[in-house]
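Asker: Mind looking at a prediction? Sequence and model below.
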Amino acid sequence: MSTDTPQSGTNADTDADTDDDAAVERRSHEPLVRVRNLQKYFWENDSLLDRLLGNDRVAVRAVDGVSFDIYEGETLGLVGESGCGKSTTGETLLRLQEPTDGRVEFEGQNVYDLAGEALTEFRTDAQVVFQDPFSSLDPRMTIGDIVQQPLDIHDVGTEDERRERVRDLLERVGLSVDQLDRYPHEFSGGQRQRIGIARALALEPDFLVLDEPTSALDVSVQAQVLNLLDDLQDEFDLTYLLISHDLSVIRHVCDRVAVMYLGEIVEIGPVADLFEVPKHPYTKALLESVPRASTDERERDRETLTGDVPSPRDPPSGCRFRTRCPAVIPPEDLEIEQETYRELMDLRQRIEGEDISLESVGEDGQFALEDGPVPEADVPAFVAALKERLLDRDLPSPHDEIVEEALAELATSDWDAAAERLRAEYESVCERAHPDLRTDEQSAPEQHRPVACHLYGESPPNAVDPSSWRE
Ligand code: SF4
């Protein structure tokens, strides 16, 4: 950023130059897209019949309060496991779906307030390239007509001018104008994605949402399409939101990346920094789950992701990652190894979900609770059999005794008492308090970046303005 200050008495040309520089400087720091607390819920049990039957509406929280900025000319990546809300975020900010709450500004205007010509202009300026080139192209249309369709809908130019634009676009994306009258099935996957890109560019947009643009393609073709997108970004001054579950794609293409988990952003920052020093335990686990080429790297300690992503119908309390987090925080005064604590939390979660079969416990199904409670004299053997089945490691005292007390409650199928015994000892701050995104100021200044995790910073959370997230 220039620190030059205009001097008094400078001539008009210098003033104009300074104004231009200031405008460029201002533009490059103004977000093109500003997303604030965006929510998109889908509702279940929402029919008239459900209402008549008195069924409660259930919210599926696909996107639950995300905030970020996208700056002109940059590529922001949105990464996370399948089902984390990435695509819904992209569709909602393009207004292909209406939000439940929140605000999206495009060039300073709230897109959810737009109507008439202003909405048409937004739909021209902001386009999408879909994941699946096989299903996103109408098989009955020639590729010339497919690419021309947005120009026809928006009534751009004369028929000849539109055809000329289509020819130009096909050449820009590496296809031949001789192929204008062919149909999508005559093209390879990579070529079809090039057609989809040409269609998205037809109206000369400023902003593209690229929704898994290469995930349906062979590895050899993926690089070609990514390089094409890179070239087109320079050529047409485009700004991208790239949605991908593939970290290698994000690393190759993006300037910054936002990591999503279960409808929320858990970390955001420059790609190079985030890959070098990931902070959020989910980001670390995602990076660790990428296959490694070198033996050294393969042998390094890895925090792998285990367990399934919980349902967005009933997300965990507090931190949504706490049911899988290898770093979940034990109570302050508890002396326990981290892996042991994780195992105890897993056991507690299974008890809370009644996710342990008690139909046949012990050798040859010695204890079968469907026949009634385990006789008191047999409870120690029942508990020993359960421990053997459920735990991977021997527990030190007093955890061994606490677990035995909890498992003994299962001898009478009292799941609540068993869960309560473990909760009383092992409840974590991670389940009591939701960690907001806040800048981690404990690390070196060059590694300051917003992270949603209780491991960083003091409570209560000190949420930050997303405008300050660009480093
Ligand atoms: S808040 Fe707790 S559970 Fe969530 S990521 Fe941080 S340490 Fe893990």
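Answerer: Looks like it came in fine.

Asker: what's the host helix or strand of A408 packed up against?
Answerer: Assigned by DSSP states H and E, A408 belongs to helix 399-409. Other elements packing on helix 399-409 under the criterion 3 or more C-beta pairs under 8 Å, 6 or more residues apart in numbering; DSSP states H and E are helix 338-352, helix 379-390, helix 415-426. C-betas here are computed from N, CA, C, even on glycine.

Asker: Show me the one of the ones you listed that comes nearest the ligand.
Answerer: The ligand sits nearest to helix 338-352 of all the helices and strands packed on helix 399-409, at 9.3 Å, using C-beta to the nearest ligand atom.

Asker: Can you list the buried residues in the closest one?
Answerer: 340-349, 351 (16 or more other C-beta atoms under 10 Å).

Asker: Same list, those, but as TSV with pLDDT please.
Answerer: Shown next, in TSV, are these (pLDDT from 0 to 100):
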residue	pLDDT
T340	94
Y341	95
R342	95
E343	94
L344	96
M345	96
D346	95
L347	96
R348	96
Q349	95
I351	96
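
Asker: Test my guess that I195 contacts I146.
Answerer: Yes: counting by C-beta atoms under 8 Å, I195 does reach I146; the two are 6.3 Å apart.

Asker: which residues do the two both contact?
Answerer: Each of 137, 184 lies in contact with both I195 and I146 under the rule C-beta atoms under 8 Å, 6 or more residues apart in numbering.

Asker: Kindly confirm my reading that D64 is in a strand.
Answerer: Yes: counting by DSSP: H, G, I helix; E, B strand; the rest coil, D64 falls inside a strand.

Asker: how much space between S47 and L53?
Answerer: 9 Å (C-beta to C-beta, to the nearest Å).

Asker: Give me the neighbour count for the closest residue to F130 other than its chain neighbours.
Answerer: Closest residue to F130 apart from its sequence neighbours, by C-beta to C-beta, 6 or more residues apart in numbering: S136 at 4.1 Å. Around S136 there are 19 other residues, counting by other C-beta atoms under 10 Å.

Asker: go on, the one 5 residues further on?
Answerer: Summarising burial for M141: neighbours were counted as other C-beta under 10 Å, giving 14.

Asker: just checking, it touches Y183?
Answerer: Yes: look at M141 against Y183 with C-beta under 8 Å: they come within range, at 7.5 Å.

Asker: The residue nearest to F130 reaches I197, doesn't it?
Answerer: No: contact status for S136 versus I197: not in contact, 11.0 Å apart, counting by C-beta under 8 Å.

Asker: these two touch, right, R348 and R421?
Answerer: No: applying C-beta under 8 Å as the test, R348 and R421 come out as separate, 9.3 Å apart.

Asker: Please identify the buried residues of the helix or strand harbouring L287?
Answerer: Secondary structure assignment for L287, by DSSP H and E: helix 281-288. Within helix 281-288, the residues that count as buried by 16+ other C-beta under 10 Å are 281-288.

Asker: Over to stretch 116-134?
Answerer: Buried residues in stretch 116-134, counting neighbours by 16+ other C-beta under 10 Å, are found at 121-124, 126-133.

Asker: What is the nearest of those residues to V374?
Answerer: Q131 (52.3 Å; C-beta to C-beta).

Asker: That closest one should be in a helix, yeah?
Answerer: No: looking at Q131 with three-state DSSP, it is coil, so not inside a helix.

Asker: May I see the buried residues of the helix holding A408?
Answerer: By neighbour count on 16+ other C-beta under 10 Å, the buried set for helix 399-409 is 399, 402-409.

Asker: and if you look at stretch 209-228?
Answerer: 209-214, 216-217, 221-222, 224-226, 228.

Asker: where does that stretch sit relative to the chain's centre, distance-wise?
Answerer: In terms of C-alpha atoms, centre = their mean, to the nearest Å, the gap separating the centre of stretch 209-228 from the centre of its chain is 19 Å.
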